[in-house]
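> give the three-dimensional model of this entry:
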Amino acid sequence: MSWAGKILRVNLTAGTVSSEPLNMEWARAYLGSRGMATKYLVSEIDPKVDPLAPENKIIWATGPLTGTMASTGGRYTVVTKGPLTGAIACSNSGGYWGAELKFAGWDMVIFEGKSAKPVYLSIEDDKAELRDASHLWGKSVWQTEEIIKKQHQDPLTRVSSIGLAGENGVLYAAVVNDLHRAAGRSGVGAVMGSKNLKAIAVRGTKGVGNVANPKEFMRVTFEKKKILADNAVTGQGLPTYGTQVLMNVINEIGASPTRNHRDVQFEGAKDISAEAMATPRKTDGKKPLVTNQACFGCTIA
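Sure thing, here's the model as predicted:
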């Protein structure tokens, strides 16, 4: 396992950012980003708290494999009390943001309170500060990411943000990073918006250290990657078509949410499926799919 050993605690009400050591006993006992962040959440909030109240907290967490060579090592988790169900909300996302947080030297970020105005958190290795986000409020996640990267003058800055849905308290609003990757379950974006928190921009240059047994880790990593490569789904279907290969399968079994869940099948699914995207068009002979895009550290692609 590889932990940075530090977490950021951000009090949005007071406008303060502080560092504290990761509880290593919890990190070992509650394995993974979901387990550890959930332990922190239930230890720090009243279980009866209103999910959209300042007293609720929201946590961005990495896991012990985040940022390493382990396949799918780019994922991170957002944990809070969710407004959609009133229960613990846990949503995870891929892309590059999670690995970048670990590269900056942090395992987790805990937000508490509520800012009086829109803000975003800027993290550049050990330097972390809240910045004004009034100019970003009302912008989409795509616009927000573009603006922040230009401000920081660094195209490798990774951004996790909300759009208009999160700002306006839509109960199933997502948190989106790297333009297209979403922590999309259970309304974590609505909690982010309720705190006037627009985004987290992170740039890390430290890399990942503290792997207990590097040689053994490498051996096991390559062993597990071979299992993925030999599997029909992770070794053939997903590398060829991407996750969109699931479109036809999900539609056939009646699990494709259509027209705001009024229907469970979409009659046009085959036209936007992975197979359709990889098939040359009759009009010009070109494939709709331009290129495949993988998350950090993923060999499945």
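> for the residue lying closest to residue 96 once chain neighbours are set aside, give me the pLDDT.
Distances taken as CB to CB, 6 or more residues apart in numbering put residue 296 closest to residue 96, at 4.7 Å, once the chain neighbours are dropped. All C-beta atoms are positioned from the backbone trio N, CA, C, and that covers glycine. For residue 296, the model assigns a pLDDT of 92.
> who's in contact with residue 296?
67, 73-74, 94-96, 98-99 (CB atoms under 8 Å, 6 or more residues apart in numbering).
> same check on residue 75?
Contact criterion CB under 8 Å, 6+ apart gives 33, 63, 66, 92-94, 98, 295 as the residues in contact with residue 75.
> dump stretch 93-103 to CSV, keeping only the CA atoms.
Provided in CSV are the C-alpha atoms of stretch 93-103 (Å, rounded to 0.1, in the frame of the first residue of the first chain):
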residue,chain,number,x,y,z
SER,A,93,-14.6,8.5,-10.6
GLY,A,94,-11.6,7.7,-12.8
GLY,A,95,-9.5,9.9,-15.1
TYR,A,96,-6.4,11.6,-13.7
TRP,A,97,-7.6,13.7,-10.7
GLY,A,98,-7.2,11.1,-8.0
ALA,A,99,-3.6,10.2,-9.0
GLU,A,100,-2.7,13.9,-9.2
LEU,A,101,-3.9,14.5,-5.6
LYS,A,102,-1.6,11.7,-4.4
PHE,A,103,1.2,13.1,-6.5
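> measure how far that stretch is from the centre of its chain, please.
Distance, stretch centre to chain centre, for stretch 93-103: 8 Å (CA atoms, centre = their mean, to the nearest Å).
> same question for that stretch, mean pLDDT?
For stretch 93-103, the mean per-residue pLDDT is 96.
> try stretch 164-178
Mean predicted lDDT for stretch 164-178 stands at 97.
> what's in contact with that stretch?
The contact list for stretch 164-178 (CB under 8 Å, 6+ apart) reads 52, 76, 78, 83-84, 91, 93, 95-97, 137-138, 140-141, 145, 158-163, 182-184, 186-190, 192-194, 198.
> repeat the analysis, applying 7 Å as the threshold.
The contact list for stretch 164-178 (CB atoms under 7 Å, 6 or more residues apart in numbering) reads 52, 78, 83-84, 93, 95-97, 137-138, 140-141, 158-162, 182-184, 187-190, 192-194.
> could you do stretch 110-117 as well?
Stretch 110-117 has contacts (CB under 7 Å, 6+ apart) with 7, 9-14, 40, 54, 57-59, 134, 194-197.
> what about that stretch, start to end distance?
The straight-line separation of the ends of stretch 110-117 (CA to CA, to the nearest Å) is 18 Å.
> and what of stretch 12-23?
22 Å.
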